[in-house]
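Trainee: quick check, what structure comes out for this input:
(chains A, B and C)
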Amino acid sequence: MTSQAMGQRLRYHGFRLRNRPDLIIGFVCLVALAFLVLAPLAEIILDALTLQPYDLAYIPDGVVGSFSLFHLERVFASPLSPALFFRPLLNSLAIGFWVTLIGVSIGTLLAWLLVRTDIRCKGLLGALVVIPYMMPSWVMALAWISLFKNDRIGGSQGFVAGFFGVNPPDWVSYGFFPIVVTLALHYFAYAYLLMSGALATVDSELEEAGATCGMGRWKRLWRITLPLLMPALGSAIVLTFIRILGTFGTPALLGLPVRFFTFATQIYASINARNNGDAFVLALVLIVIAISFIWINSRIIGIRKSFVTLTGKGFRRREVRLGLWRLPLTVAVGLFIASTVLVPLAILLWESLTLMAGDYRLDNLTTYFWIGQGNVRLAYGESGVLLNDGILRALWNSLKLGILAALCNGVLGLLVGYAVVRGRGSRLSKALEGIAFAPYIFPSIALGAIYIGMFSSPIGPLPALYGTFAILVLITVVKNLPFTSRTGIAAMLQIDKSMEEAARVLGIGWFRRMARIIVPLSMSGLVSGMLLTFITAMRELSLIVLLLSPANMVLTGVIFYYQEQAMPQHSSAVTLLLVLIIILVNVLVRLISRSAGVGGLKNG
Amino acid sequence: MAQDVPPETDAWLKAAELGPYAPASEDWDAIVAKAKEEGRVVVYSASGRIAMLVDAFAATYPGIEVEVFDLGSVKTVEKTIREQQAGIYNADIVTTGNSGAVIHEMLNKGLIFNYVPEAYKDRIPVENREPLLIRINEAIVIYYNTEAYPDAQPVTNIWELTEPEFKGRVGVIDPMSSGSSFMGLATIVQNADEMAAAYKRHTGNDIELGDGVPDAGYEFVARLLQNDLVIFKSGSKLVEASGTPGQENPLIAFAYMTYISKNESDGFVNAYLADLDPAAKWVYPTYTAIANRAPHPNAAKVLTAYLLGSLELNESSVLEKPFTEGASMELLQGLAPYYDPGSVSPRDDVPLPPGGEAWSEMKGWTVSADFMQSEGPKLRDFWLLHASQ
Amino acid sequence: MEQIGLSGIRKAYGREVAVHDLDLTIRPGEFLTILGPSGCGKTTTLRAIAGLEELDDGEIHLGERLVFSRRRGVVVPPEKRGVGLIFQSYALWPHMTVQRNITLALEEKGLGKPEIEARAAQALETVQMTALRGRYPSELSGGQQQRVAVARMIALRPKILLMDEPLSNLDAKLRLDMRSELLQLHRDLGSTTVYVTHDQAEALTLSDRIVVMDRGRVLQEASPYEIYHHPRNLVVAEFIGEPRINLVPGTLVREGDALHLVGDGVRLPADRARQVRGERLTAAVRPENIRLSTTPVEGWQEAHLDDVQPTGATTILQVSAGGTRLRLVRPGFLRITAGIALWINFDPDTIEFFDPDTQDNVSAP
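Mentor: Coordinates of the predicted model:
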């Protein structure tokens, strides 16, 4: 090929690239994420296949760092395997299945009721319904224990035992059943958040078509609305399931007394023992499971199929009339939400007000732990929560972290969604989609540990981020990217490409197109994703604990400290504070987006 | 310590006067002066209570700021190792339990260096400062409910807890999450011969080991688990379970000795099994050391001394609650936040904390770092296998 | 007024070739329709002109400008081509008012605010949507939305106007009304317009020239009259014309000096057939070109009236002669009953002949 022809070829591809901003974005994101995501993955694989210092106890003359299948044998094919791997895996899969089934069903139903029907008190219910997700998941488990504790773990009586005089059987108090129930009561709100954004953008006309065929409203929901929501539903199921596989707190609290172990508890146990070999092999299994799920999901849904429901051809969002069902459903939903929200919060509040833990008598109540200070005998002299400088500083840090991570993730999710959907079917698109999701299934602890190594020295122009606030934001963004990229993709899938093409042909450049058209149209989906990131970031501890420094202490670190020090009143109070802040921000965001007409779609 | 150290470390050791370069006699004033110039000391600690010392230390040594990273025992080790691997030398003092890792992976690998202020050497028995200085000794003990057993201890031999009478009535803190609880268990297994002897004394027979069980120590663990041992995530919930008054059938708890103070703060009625065959307490130390290439080695030395308590402190000192204030604080210094029953200074000239006098009477075993390193993983596997039924 | 030149355009999706090596020149100020069934490549071609399709090969000139050349490495993005495009789905932005939908594009051109407002107002006036300018697309009917899309173009004044089946989503009556509005748009703008449709009636009504495409290739490029009366091959012949053209396969027979096509129960004069290879041939006759009599006429062929379908202004008659079924169309609302005998005759000048294998038109001009 002559150099002129080469030059022309390059020019051609250069022009082509300029024409395809999605390719450029996709490529840049891919490279950045490859570094942030694949490098840790490579390290995990490497460590899983080489001898670690911990293994010297088994192989005294082994060489650390040499290639070895030792970990694989231990986990999959040793006498330990049933206890270490198979049984916990089955337990986790079973929990995952049931919680996903129940949680996503409840969440979707609630989302449909609150977004598309004329149910009453939408504003209030909509705001309250996501609160269960804002609490650290173990709060629901603690509430369960307080209610259903039996004498197996002794101590003060549980509420049911005390009130009814009957000790609940072990299978109600601990193990599989309560784990499924408490997690479902936590994750349904997560599914709600994921589905409500999608439901907001389904064209009523499509449902009305069903009505004219004689379908009743429930049939329409089942046969028209649901299939249209397949991308969002698929995402919700996959995300929930995988998240549950990695959930540690609740199964630990409720499973331990009856020795019901899950995958996550085994991973954490291994990491606690600094047995990285076991931990990383188990983590890799999680990753493989997650990737399989994504793959299956995309095969079934098929991102190339069109789920376009926003074509600019006339969008109607009419509410489904519930008729006679209206009042009963409003009441039912209200009661359900009240019990999943108010009960745990009430327990937290009560705990924070008790002078002596476990003593529930009224005269044992005090506000000291909120607004008292100066009593050195109490709580090691720690001031009450609202007057405590350390806590208030931590609060500010948590907010900073949550907001920054949410904003960054909003932008990133949009860009990834844009690149993936515009480049549908191409290898770049598939690769990007996969990588954007990968951080989701890294056990947070492992990611944190590896990030210390990665960012301890400068990388090119980037200074060493270790010890800075920036690295906390970075790791939170990366870990939460899966949410926002999925919601970004789902939001983009629902925008017909003619929206952007019309703008292009009219001469509107990329940046303006994004700002004026793409962003407003995908706003409701993006806001869901950002809110989710904010909530998760505020509740996060395991991810950032290795990267925290006293100057950057966040609320969850403070809670951890108080739990460690067995100061239940402070820990309950700060947890309550955390939940209240999250709720407050949620309410504010909803109010603002409501008045700004987010979703940009006016009702017919 | 005839270790080959990299040249940078060697240079640092020389400048800091540590390790082989430790002087024959310290010039304490010079050290304090250099510490004030350094102005800061960074502590990686498994326990967050050290943060309580920040203000007091600043009052005693104005100009030196203490920055505490409260990480928990696993992460303290993890963070130190990873940082140094990556060439980051951020920490001055590393203080944590987790004997196996601390000795074998950090001390023996030159990631931390032992430092005992000269003035304290005579006051600390050698086993508490070699190969590494112990800052505090704590223990796991067994609690019982004094309301349920008002007259005498429920058991006198530990093997009784594996019998049907106590099925489902013995609780332990999850050794997979709590390093201290694990060390307690490991110490029992470590002393397998004594356990076997205790068994013989209790039943008159030799112990029969189950399939695949190496010795009497492991056998004890296996039998506890088979006897429906209840596993708790939280130590305070466990002692609440054993100590709450008004229960019909309270648990017997393997828990931290320091929790006896909850009798006063929470109204529990716990008591130790102080007289138990073969042992009543299982001791695990918290070490303190100076990190390799610490940026503020002299401040670290000063803080180390502070952590050991003042030199004015001795057996006849009068100490009153609250220990973190006033004259008691001036005497106890770094010991103050840890001056609880069941939490004991390495020094032999410090009075036992009130309520914790039983310490010296209770027969105890101490965890061995070598055992933890070489047998720890196997014990973990054993627990995993037998706990998951 | 600008000319549009396409040469060697090629686009493939994997193995499937959407457009094969297309050459086309659209003259300045012309209204050209690309007509064809779904999947024939017409929309791909249109989008390629706009720059919304990445082509595998070829060159595109808009006026003097080269906007695409694979070989020379030129790819001008859609933003910079300065064409106007009306989408099949109108592509109105649902989160903006009608007014904003129009003015957004104008802002890109660097016009001053007063000018923008003036143009928008004038455009809205032209499509009679002034009163609804504050509404959102979801609050408009299909026809109104279409008019907004048109208003956008009016305000923009592009020199090249592209329309991608803009009427296909409207009901029949509205479609007819809007047709003339679109043509008016073309005239007012003085633009070069490329119109894509599968509706042959639209093509015939609106176009200066029609390009018929099928499976990625151009079958014929000619005026509506030419295409209608002298379709170049069978595909075109069948595609154009409502009701559909009659196809009569048969054998050529020489009777004295005259050639006849003998079909199944019917005979057609075949003098215009030439370049005949072999004896088999297919004749094509438009329904309006078959003469009809209810009383016997000398030399005419007898046929049977199967069905009568009045459409108001015309009447379609389904007739069979022997084994051959024919459609005839006559002006007026005929009151005639099915089942009677009729006599039909063919005008030799109105019959086109096609080679049954190559499908090409083999008639004498």
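Trainee: quick one: the residue of the stretch 101-250 of chain C found nearest chain B from residue C:62, how far?
Mentor: Chain B sits closest to residue C:108 of the stretch 101-250 of chain C, with a gap of 50.5 Å, by CB to the nearest CB. (Each C-beta comes from the backbone N, C-alpha and C, glycine too.) Residue C:108 sits at a distance of 18 Å from residue C:62 (criterion: CB to CB, to the nearest Å).
Trainee: neighbour count winner among those two?
Mentor: More neighbours surround residue C:62 than the other of residue C:108 and residue C:62, with 22 against 15 (other CB atoms under 10 Å in any protein chain shown).
Trainee: tell me which element the residue nearest to the spatial centre of chain A falls in.
Mentor: Nearest residue to the geometric centre of chain A (CA atoms, centre = their mean): residue A:536, 5.9 Å. For residue A:536, the host element (DSSP states H and E) is helix A:519-539.
Trainee: distance from that helix to the middle of the chain?
Mentor: 11 Å (CA atoms, centre = their mean, to the nearest Å).
Trainee: chain neighbours aside, what residue packs nearest to the residue of the stretch 101-250 of chain C closest to chain B?
Mentor: residue A:507 (4.3 Å; CB to CB, 6 or more residues apart in numbering or on different chains).
Trainee: just say helix, strand or coil for the one you found.
Mentor: In three-state terms, and counting by DSSP: H, G, I helix; E, B strand; the rest coil, residue A:507 is coil.
Trainee: pretty sure the residue nearest to the centre of chain A contacts residue A:482?
Mentor: No - look at residue A:536 against residue A:482 with CB atoms under 8 Å: they stay out of range, at 10.5 Å.
Trainee: tell me which helix or strand residue 350 sits in.
Mentor: Chain wasn't specified; assuming chain A. Here residue A:350 is assigned to helix A:326-353, by DSSP H and E.
Trainee: show the average pLDDT along that helix.
Mentor: On average, the pLDDT along helix A:326-353 is 85.
Trainee: quick one: list the elements packing against the helix or strand following that helix.
Mentor: Under the assignment DSSP H and E, the closest C-terminal helix or strand after helix A:326-353 is helix A:368-371. Counting by 3 or more CB pairs under 8 Å, 6 or more residues apart in numbering or on different chains; DSSP states H and E, the packing neighbours recorded for helix A:368-371 are helix A:326-353, helix A:568-595.
Trainee: now do 7 Å
Mentor: Judged by 3 or more CB pairs under 7 Å, 6 or more residues apart in numbering or on different chains; DSSP states H and E, helix A:368-371 is in contact with helix A:568-595.
Trainee: residues in contact with residue B:5?
Mentor: Counting by CB atoms under 7 Å, 6 or more residues apart in numbering or on different chains, residue B:5 touches residue B:110.
Trainee: sec struct for residue C:94, please.
Mentor: Relying on three-state DSSP, one would call residue C:94 coil.
Trainee: with residue C:111 instead?
Mentor: Going by three-state DSSP: residue C:111 is coil.
Trainee: give me the distance between it and chain A.
Mentor: 12 Å (CB to the nearest CB, to the nearest Å).
Trainee: how about that residue: what's its closest non-neighbour residue?
Mentor: Per CB to CB, 6+ apart, closest to residue C:111 is residue C:119, 7.4 Å.
Trainee: how about the one you found, secondary structure?
Mentor: helix.
Trainee: hang on, it packs against residue C:153?
Mentor: No - look at residue C:119 against residue C:153 with CB atoms under 7 Å: they stay out of range, at 11.3 Å.
Trainee: looking at the chain, which helix is longest?
Mentor: Using chain A. Criterion DSSP state H: the longest helix present in chain A is helix A:389-422.
Trainee: not quite, I wanted chain B
Mentor: Max-length helix for chain B by DSSP H is helix B:369-387.
Trainee: give me the contacts around that helix.
Mentor: Against helix B:369-387 from outside (CB under 7 Å, 6+ apart): A:54, A:57-58, A:80, A:83-84, A:259, A:273, A:275, B:99-100, B:103-104, B:175, B:183, B:185-186, B:189-190, B:218, B:221-222, B:225.
Trainee: narrow those to those that are buried.
Mentor: Buried members of the contacts of helix B:369-387, counted by 16 or more other CB atoms under 10 Å in any protein chain shown: A:54, A:57, A:80, A:83-84, A:259, A:273, A:275, B:99-100, B:103-104, B:175, B:183, B:185-186, B:189-190, B:218, B:221-222, B:225.
Trainee: around chain C, pick out the residues from the stretch 1-150 of chain A.
Mentor: Proximity of the stretch 1-150 of chain A to chain C is confined to A:8, A:9, A:11, A:12, A:15, A:16, A:18, A:19 under the rule CB under 7 Å from any CB of the partner chain.
Trainee: contacting residues around the residue in the stretch 201-350 of chain C positioned nearest to chain A?
Mentor: Chain A sits closest to residue C:202 of the stretch 201-350 of chain C, with a gap of 19.8 Å, by CB to the nearest CB. Going by CB under 7 Å, 6+ apart, residue C:202 touches C:167, C:179.
Trainee: can you check residue B:39 too?
Mentor: B:63, B:64, B:65.
Trainee: same question, residue A:99
Mentor: A:180, A:183, A:184, A:187, A:244.
Trainee: which helices and strands does the helix holding residue A:350 pack with?
Mentor: Against helix A:326-353 (3+ CB pairs under 7 Å, 6+ apart) you get helix A:87-116, helix A:122-128, helix A:131-134, helix A:138-148, helix A:568-595.
Trainee: all helices for the stretch 251-389 of chain B, in order.
Mentor: B:262-266, B:297-307, B:326-332, B:358-361, B:369-387 (DSSP state H, counting those that start in this stretch).
Trainee: for the ones you listed, which one ends up most surrounded?
Mentor: helix B:297-307 (a mean of 25; mean count of other CB atoms under 10 Å in any protein chain shown).
Trainee: which of the helices and strands packed on helix A:326-353 sits closest to residue A:299?
Mentor: Smallest distance to residue A:299 across the helices and strands packed on helix A:326-353 (CB to CB): 18.6 Å, for helix A:87-116.
Trainee: list the buried ones in that closest one?
Mentor: For helix A:87-116, burial by neighbour count (16+ other CB under 10 Å) applies to A:87-89, A:91-93, A:95-96, A:98-100, A:102-104, A:106-116.
Trainee: give me the neighbour count for residue 30.
Mentor: Since you didn't name a chain, this refers to chain A. Neighbours of residue A:30 using other CB under 10 Å come to 20.
Trainee: right idea, wrong chain: chain B
Mentor: By other CB under 10 Å, the residues close to residue B:30 number 11.
Trainee: helices along the stretch 1-150 of chain B, start to end?
Mentor: Using DSSP H, counting those that start in this stretch, helices in the stretch 1-150 of chain B cover B:7-16, B:28-38, B:53-60, B:72-85, B:99-100.
Trainee: mind checking which of these is nearest residue C:32?
Mentor: Closest among those, once you apply CB to CB, is helix B:72-85, at 69.7 Å.
Trainee: can you state the direction angle for that closest one and helix B:7-16?
Mentor: 110 degrees (axes from the mean of the first three to the mean of the last three CA atoms, to 10 degrees).
Trainee: just how off-centre is helix B:72-85 within its chain?
Mentor: In terms of CA atoms, centre = their mean, the centre of helix B:72-85 is found 18 Å from the chain centre.
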